[in-house]
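S.K.: 3D, please:
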Amino acid sequence: MLITEIEEEECRSILVNASQGHLGCCFNEQPYVVPISFAFEPDYLYILSTSGQKVDWMRKNPKVCVQVDEIKNEVSWV
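M.R.: Modelled structure (predicted):
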């Protein structure tokens, strides 16, 4: 699989049209990935969460990543 970098405008377009994905965080060299729902406004990604492991880990290490799911229909996920 060839992975290419996308331009900022394409990235923003994907985020504006998506609302689900996965949040990846890491603490003490231990990864943690959880499904999330989110909202995007220019320069901000909003994720609602209650207290728990992901919030604790993000406070200890704010370097996180988000993988976005593009769901076209119930059998076609990109």
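
S.K.: which residue is nearest the middle of this structure?
M.R.: Against the mean C-alpha coordinate of the chain, by Cα atoms, centre = their mean, the closest residue is Val66 at 2.3 Å.

S.K.: contacts for the longest strand belonging to the chain?
M.R.: Longest strand in the chain by number of residues, with DSSP state E as the criterion: strand 30-41. Contacts with strand 30-41, where a contact means Cβ atoms under 8 Å, 6 or more residues apart in numbering, come from 12, 15-16, 18-26, 45-49, 53-54, 57, 66. C-beta coordinates here come from the backbone N, C-alpha and C atoms, glycine included.

S.K.: sorry, back to before: now do the one helix or strand the residue nearest to the centre of the chain maps to and strand 30-41, the angle between them.
M.R.: Using DSSP states H and E, Val66 falls within strand 65-69. Angle, strand 65-69 to strand 30-41, by axes from the mean of the first three to the mean of the last three Cα atoms, to 10 degrees: 60 degrees.

S.K.: which helices and strands sit right next to strand 65-69?
M.R.: Judged by 3 or more Cβ pairs under 8 Å, 6 or more residues apart in numbering; DSSP states H and E, the packing partners of strand 65-69 are strand 20-27.

S.K.: what pairs with the strand it packs on, parallel or antiparallel?
M.R.: strand 30-41 (antiparallel), strand 65-69 (antiparallel) (DSSP bridges).

S.K.: redo those strands as JSON lines? Include mean pLDDT and distance to Glu7.
M.R.: Below are the strands paired with strand 20-27 laid out as JSON lines (pLDDT from 0 to 100; distance: least, Cβ to Cβ, whole Å):
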{"stretch": "strand 30-41", "mean pLDDT": "94", "distance to Glu7": "16"}
{"stretch": "strand 65-69", "mean pLDDT": "90", "distance to Glu7": "15"}
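
S.K.: circling back to that earlier point, dump the residue contacts of the residue nearest to the centre of the chain.
M.R.: Counting by Cβ under 8 Å, 6+ apart, Val66 touches 21-24, 36, 38, 45.

S.K.: can you tell me which of the residues you listed are buried?
M.R.: Buried subset of the contacts of Val66 (neighbour count, 16 or more other Cβ atoms under 10 Å): 21, 23, 36, 38.
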